[in-house]
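A.B. asks: curious how this folds, go ahead:
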Amino acid sequence: MALNSILNADDIKKALAAFAAAESFDHKKFFEMVGLKAKSADDVKKVFLVLDADNSGFIEEKELKTVLKEFSPEGRELTDKETKAFLQAADKDGDGKIGIEEFTALVHQ
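C.D. replies: So this is what the prediction gives:
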């Protein structure tokens, strides 16, 4: 499933442009800019399933690193620092990965 079937392609493009520079990624602003924050829990789950590239039921650190590329091939990889900060913000149970409930809570913060 393509993310632009859930989110507006222009919103995705603007958000990726806003965070094109290294060390500029802010997950809260990004989710708001792409319109995900305003989406239903069902739509957030659909996005989670796309981001969970290996279908493990979790978004792991390696998947977080390329999260922007999942929104668009023009997206950049997150730096190690950004990836760790993103993981830390979402991983409430400390298992080193993000489950669907953690992701939904993070998006709707």
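A.B. asks: buried stuff in stretch 102-109?
C.D. replies: The neighbour-count check on stretch 102-109 (16 or more other C-beta atoms under 10 Å) flags 102-104, 106-107 as buried. Placement of C-beta: from N, CA and C, glycine included.
A.B. asks: buried set for stretch 38-58?
C.D. replies: Within stretch 38-58, the residues that count as buried by 16+ other C-beta under 10 Å are 39, 44, 46-48, 51-52, 58.
A.B. asks: that older thread, what would the buried residues of stretch 102-109 look like in CSV with distance to T83?
C.D. replies: Shown next, in CSV, are the buried residues of stretch 102-109 (distance: C-beta to C-beta, whole Å):
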residue, distance to T83
E102, 15
F103, 15
T104, 20
L106, 14
V107, 17
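A.B. asks: tally of neighbours for K92?
C.D. replies: As a burial measure, K92 scores 13 neighbours (other C-beta atoms under 10 Å).
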